[in-house]
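Peer 1: sharing a model that was predicted from the sequence below.
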Amino acid sequence: MTTFDQILPIATDVLEAHRPVVDALAWLLINRDLNGRVRFIAPDTLAHTPSLRTQVEAMYQALAMRLAPHAYPATHGILYEATPEEACQGVSAFPLEGFAQVQVVDRLATDTQWARIAEVAPGAPRIVFFSIKGGVGRSTALAASAWSLARQGKRVLVLDGDLESPGLSSALLPVDRQPKYGITDWLVEDLVGNGDGLLNDLYATSNWPTAGQIYLVPAHGHEPGEYVAKLGRVWMPKVLAQGGVETWSRRLNRLIQQLETQIQPDVILIDSRAGIDEVAAACVTDIGAHTILMFAIQGQQTWTGYRVLFSHWQQRGVIAMLRERLQLVAGLVPDDDRKQTYLDALCADAYELFVSSYDEAGPGEISDWSFEQDDSNAPHAPLPIKWNRGWFGLLGLQQRMEQVDENEVNGVYGELLDFLNRATAKNDT
């Protein structure tokens, strides 16, 4: 029985067995449709070279025999297009290893793809707080980071991107300061051209005693309304009047740009949904993140999830582009004699995760850090956050931050805050 995971290895074997045919083609696409069935998309100029076309058809027939049921009948297994760009129809393609002119196109049920890496957005640095698993202290760390940056006089824009598990706004704002609307409301109203009318009521300011200001955009407003019904629509692409569609992640990016224009923040902090889903993909890859903080706790579940992502990024050829935006953060580090043992194990697993991507860059290509396991400036070197009962979870965080002790914050989050200070200082210069 052939399964989905065997499609590309089998395709590689078949194409290698027909190497002279592949080498004779200007390009070839392996198209995996929504159901996981495979077709070739080949140049339409093959109509002028019947012998080569016959060989391509024979090559697909050989592939179909091995891939069934993940293939079409040989007579329907090849499509012809003028260019690979027209064939892709806006979907990203990635190279099939070992074949310079062969690419794979994945047609997915979702618009967001983990392998489409947007350039770093201009303007205020966008720092994403992301984790594979929940319960690692990610949102609390974001709150402490916002407080620390605002205390320095910075204007901090915070977005609660955890749409399916909202709660950051209720932890950071008292009830009487909650804004009328949230990100979910805007995404739904934007589908019908009504988003601009919500912008002024989409955020509220914190009442924490800081020199700067924190502007919070929640997942929903103070009255969630039909939140479940709205949530089922936020991922929709918007049909444009001039034709075409705008994906939901591009709409989210447009919202951030509008908020940035209106608020003029010095830094933007984004709380991402945990896991490998639509929201996380948009936050990590689609909105031009300056830095992605990868929260981890020591354990097999953490590294299994991250290995899935790294493997995907490597296969798609984007790991080197993304790698320098990543920074590992170690959550729930014991604040006792177990600390070093915990960190040593986490550091070893983190290096094992990253090291497979380091061999793609040559000596001297990275100036600020090296690929050595003990380099404390490398992205695999975790920034530790100490476990502290008073900071575990968001419950009561709003009241706590009103009279927080700076030494206590630095004691728990010091290395993370130092990193953010360096990251934002680079942007200032």
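Peer 2: Arrived safely.

Peer 1: go ahead and flag the most central residue of the chain.
Peer 2: By C-alpha atoms, centre = their mean, the mean C-alpha position of the chain lies nearest to Val284, the distance being 2.2 Å.

Peer 1: list phi and psi for that residue.
Peer 2: Here the main-chain torsion angles of Val284 (degrees, to the nearest 10) amount to phi -80, psi -40.

Peer 1: quick one, what contacts it?
Peer 2: Contacts here follow C-beta atoms under 8 Å, 6 or more residues apart in numbering; on that basis Val284 touches Trp114, Val128, Phe130, Ser272, Ile292. Heads up, the C-betas are built off the backbone N, CA and C, glycines and all.

Peer 1: ok, now with 10 Å
Peer 2: By C-beta atoms under 10 Å, 6 or more residues apart in numbering, the contact list for Val284 reads 112, 114, 117-118, 128, 130, 270, 272, 276, 292, 294, 309, 322, 325-326.

Peer 1: surely Trp147 meets Asn410?
Peer 2: No - contact status for Trp147 versus Asn410: not in contact, 11.4 Å apart, counting by C-beta atoms under 10 Å.

Peer 1: now do the shared contacts for those two.
Peer 2: Applying C-beta under 10 Å, 6+ apart, one finds that Trp147 and Asn410 are jointly contacted by Leu417.

Peer 1: isn't Gly98 up against Asp23?
Peer 2: No - between Gly98 and Asp23 no contact is recorded; they are 11.8 Å apart, counting by C-beta under 10 Å.

Peer 1: ok, Trp147 and Asn410, which is more surrounded?
Peer 2: The neighbour comparison of Trp147 against Asn410 (other C-beta atoms under 10 Å) goes to Trp147, with 24 against 14.

Peer 1: how close does the more buried one get to Leu417?
Peer 2: Trp147 sits 9 Å away from Leu417, taking C-beta to C-beta, to the nearest Å as the criterion.

Peer 1: one more: Gln55?
Peer 2: If you go by C-beta to C-beta, the gap between Gln55 and Leu417 works out to 62 Å.

Peer 1: between the two, who's got more neighbours?
Peer 2: In this view Gln55 and Leu417 are compared by other C-beta under 10 Å, and Leu417 has more residues nearby, 21 against 18.

Peer 1: what's the helix or strand for that one?
Peer 2: With elements taken from DSSP states H and E, the one containing Leu417 is helix 406-428.

Peer 1: tell me where the model's unsure across the chain.
Peer 2: Within the chain, the set of residues satisfying pLDDT under 70 comprises 109-112, 359-368, 389-403, 426-429.

Peer 1: how's it carved up into domains?
Peer 2: According to automatic domain parsing, the chain comprises the domains 4-106, 126-428.

Peer 1: of all these, which gets the most neighbours per residue?
Peer 2: When the domains of the chain are scored by mean count of other C-beta atoms under 10 Å, the highest mean neighbour count falls to domain 126-428 (a mean of 18).

Peer 1: which SSE is immediately downstream of the lengthiest strand in the chain?
Peer 2: Secondary structure assigned by DSSP state E gives strand 326-333 as the longest strand of the chain. Taking DSSP H and E as the definition, the helix or strand that follows strand 326-333 towards the C-terminus is helix 339-358.

Peer 1: and that following helix, what does it pack onto?
Peer 2: Here helix 339-358 touches strand 291-296, helix 300-315, helix 319-323, strand 326-333, strand 383-386, going by 3 or more C-beta pairs under 10 Å, 6 or more residues apart in numbering; DSSP states H and E.

Peer 1: give the contact list for the residue nearest to Ala24 when sequence neighbours are not counted.
Peer 2: For Ala24, ignoring the flanking residues on the chain, the nearest one in space by C-beta to C-beta, 6 or more residues apart in numbering is Leu52 at 5.8 Å. Residues counted as contacts of Leu52 (C-beta under 10 Å, 6+ apart) are Val21, Ala24, Leu25, Ala42, Pro43, Thr45, Leu46.

Peer 1: repeat for Pro384
Peer 2: Counting by C-beta under 10 Å, 6+ apart, Pro384 has contacts 329-335, 339, 342-343, 346-347, 412-416.

Peer 1: redo that, cut-off 8 Å
Peer 2: With contacts defined as C-beta under 8 Å, 6+ apart, Pro384 is in contact with Ala330, Val333, Lys339, Leu343, Glu415.
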